[in-house]
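# when you get a sec, could you give me coordinates for this:
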Amino acid sequence: MINVRAFVYTGLALFASLLLGAVFLSAQADDEIYDAPPIGVVVQRIVLEQSTHITTDYAGMISARRTSALGFERGGLVVEMLVDLGHHVKKGDVLARLDTRAQRADLAAAKAGVRQVEAQRQIAASTLKRQKALLAKGHISAQRLEEVDANLLAAEAAKHVAEAQVQTLQARLALSSIVAPYDGIIAERYIDEGAIAAPGAMALSLVEGGALEVRVGLPASRLPGMKIGINFNFTAADTHFEARLRGLNGTVDRATQTVGAVFDVSPDQKNLVPGQTARLTLNVPLEQSGFWVPLSALREDRRGLWSLFALDRDPENAGRYILTPRLVEVLFAGAERVYVRGPVKDGILILVGGNQSVSVGMPVTPTKTIVSDQP
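Predicted coordinates for the structure are as follows:
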């Protein structure tokens, strides 16, 4: 028969052995976790500043300094369009013409009228000369001489009227052509030969060549730093250029709450064209104490606040740090860095990345320290 008591004792001894082994393994595992090396992290040493400068961009539009909508001052049949889109023209160039046959006929008739009244004036002048000789000999009366003199004055007045009519017709004839008011480029053509042009209707659009400007809307708070005649930095696409402040319009736009500023672009900038968007870059002082940190150093905290991890010395191990959260206030947010303030001492180390893989109180060790600089 099986010895029941011996079997029970043997089972209890085996169970005790297994229990002691489990306790031993658990203690060993705890020791291994506790003695695991701290995670390596990238850190930044905080540099506190009493104030700083922030880089701010303001959008503007590049445009020609002068843009003109050209048309005929009088209506008529268009017979010549001498330019097209993109043509470069010089001041005084004829750009388009109307049919002027009727005006030229009227002008020829007016010039003939001038010649006619000039002949009448010459006859009146000769008659006056002869009548003066006859008056000296007593052959005519003084009244007759006055009548002849009046005829000469009338002939001279008629000549002035005829000449004025010629000048009027010449001016009207000139209005039958569109002439370039300045050097520029044809930006648009709205009419072709054979069309009937209405008085004042737009026929061509001319933009001044080689004279560009940038118009920017600025907050009123930025005006104290804007000095007339000073160059400012701009960027358009991949082009960096300078433009000189020409003037401020001095009023705040009700819709945008900005003040208009106009900048002259140097003629050397050949790769800029009207219609491009340009960005004005300004370094604006921020008179608040704080420090710069990478955007990756921030972590969203409770109630919409922001915080970052500071590295505090581990009191139990001088070679390690413990992650401690610190609430901060964002004073300015740039594209890659932010200017913040909070309960952080000058020179302390902060975690600059990897917030998703660490937790409060985790032991860490710095593997790389980056230098703080203003964006």
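# low-confidence ranges, the stretch 51-200 of the chain, go.
Counting by pLDDT under 70, the stretch 51-200 of the chain has low-confidence residues at 135, 139, 145.
# so where do the strands sit in it?
Secondary structure of the stretch 51-200 of the chain, counting by DSSP state E, counting those that start in this stretch: strands at 52-64, 67-71, 76-81, 88-89, 94-98, 177-179, 184-189, 196-197.
# so which of those gets nearest A164?
strand 177-179 (21.8 Å; Cβ to Cβ). From N, CA and C alone the C-beta is placed, and that goes for glycine too.
# okay, the strands of the stretch 51-200 of the chain in TSV with distance to G260 and mean neighbour count next?
Below are the strands of the stretch 51-200 of the chain laid out as TSV (distance: least, Cβ to Cβ, whole Å; neighbours: other Cβ atoms under 10 Å):
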stretch	distance to G260	mean neighbour count
strand 52-64	10	17
strand 67-71	17	16
strand 76-81	36	16
strand 88-89	30	17
strand 94-98	31	19
strand 177-179	31	18
strand 184-189	23	18
strand 196-197	35	16
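# which one, of these, ends up nearest to A203?
That would be strand 67-71 among the strands of the stretch 51-200 of the chain, by Cβ to Cβ, at 4.8 Å.
# so in that sheet, which strands flank that closest one, and in what orientation?
Partners of strand 67-71 in the sheet, by DSSP bridges, are strand 202-208 (antiparallel).
# mind checking which of the strands of the stretch 51-200 of the chain is nearest A211?
Using Cβ to Cβ, the nearest of the strands of the stretch 51-200 of the chain to A211 is strand 52-64, at 6.7 Å.
# quick one: list the elements packing against that closest one.
strand 212-218, strand 231-236, strand 277-286 (3 or more Cβ pairs under 8 Å, 6 or more residues apart in numbering; DSSP states H and E).
# what strands line up against the last one, and which way round?
Under the criterion DSSP bridges, strand 277-286 sits next to strand 52-64 (antiparallel), strand 231-236 (antiparallel) in its sheet.
# returning to that earlier point: dump the strands of the stretch 51-200 of the chain to CSV, plus distance to R246.
Converted to CSV, the strands of the stretch 51-200 of the chain look like this (distance: least, Cβ to Cβ, whole Å):
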stretch, distance to R246
strand 52-64, 13
strand 67-71, 16
strand 76-81, 35
strand 88-89, 25
strand 94-98, 29
strand 177-179, 28
strand 184-189, 19
strand 196-197, 36
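# quick one: closest of those to L349.
Of all those, strand 52-64 comes closest under Cβ to Cβ, at 20.6 Å.
# most tightly packed of the helices and strands packed on strand 52-64?
Among these, strand 212-218 has the highest mean neighbour count (mean count of other Cβ atoms under 10 Å), at a mean of 21.
# got the angle between that one and strand 52-64?
Using axes from the mean of the first three to the mean of the last three Cα atoms, to 10 degrees, the inter-axis angle of strand 212-218 relative to strand 52-64 is 130 degrees.
# mind listing residues that contact strand 212-218?
When contacts are defined by Cβ atoms under 8 Å, 6 or more residues apart in numbering, strand 212-218 is touched by residues 58-65, 226, 234, 243, 246, 253, 256, 258-265, 269, 272, 274, 278, 280.
# pairing partners for that strand, with directions?
strand 52-64 (antiparallel), strand 259-265 (antiparallel).
# any idea how far the spatially closest residue to S51 that is not a sequence neighbour is from E49?
Among residues not flanking S51 along the chain, E287 sits closest, at 4.8 Å (Cβ to Cβ, 6 or more residues apart in numbering). E287 is 11 Å from E49, where distance means Cβ to Cβ, to the nearest Å.
# same question, D253
35 Å.
# and these two? which has more neighbours close in?
E49 (17 against 11; other Cβ atoms under 10 Å).
# quick check: phi and psi on that one?
Dihedral angles of E49 (phi, psi; degrees, to the nearest 10) stand at phi -130, psi 140.
# all helices for the stretch 251-375 of the chain, in order.
Listed in chain order, the stretch 251-375 of the chain contains no helices at all (DSSP state H, counting those that start in this stretch).
# quick one: the strands in it?
Here the stretch 251-375 of the chain has its strands, by DSSP E, counting those that start in this stretch, at 259-265, 277-286, 291-294, 299-300, 306-314, 317-333, 337-341, 349-351, 363-370.
# would you format those as CSV with distance to L206 and mean pLDDT included?
Listed next are the strands of the stretch 251-375 of the chain as CSV, based on distance: least, Cβ to Cβ, whole Å; pLDDT from 0 to 100:
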stretch, distance to L206, mean pLDDT
strand 259-265, 19, 94
strand 277-286, 22, 90
strand 291-294, 50, 93
strand 299-300, 56, 89
strand 306-314, 54, 92
strand 317-333, 45, 89
strand 337-341, 47, 92
strand 349-351, 59, 93
strand 363-370, 55, 87
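# distance to E146 added to the ones you listed, as TSV?
Below are those laid out as TSV (distance: least, Cβ to Cβ, whole Å):
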stretch	distance to E146
strand 259-265	68
strand 277-286	78
strand 291-294	101
strand 299-300	109
strand 306-314	106
strand 317-333	95
strand 337-341	98
strand 349-351	112
strand 363-370	109
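# of these, which is nearest A180?
Nearest to A180 among the strands of the stretch 251-375 of the chain is strand 259-265; the distance by Cβ to Cβ comes to 21.8 Å.
# which outside residues touch the closest one?
With Cβ under 8 Å, 6+ apart, strand 259-265 has contacts from 60, 62, 65, 212-220, 223, 226, 232, 234, 241, 243-253, 272, 280.
# many thanks, have a good one.
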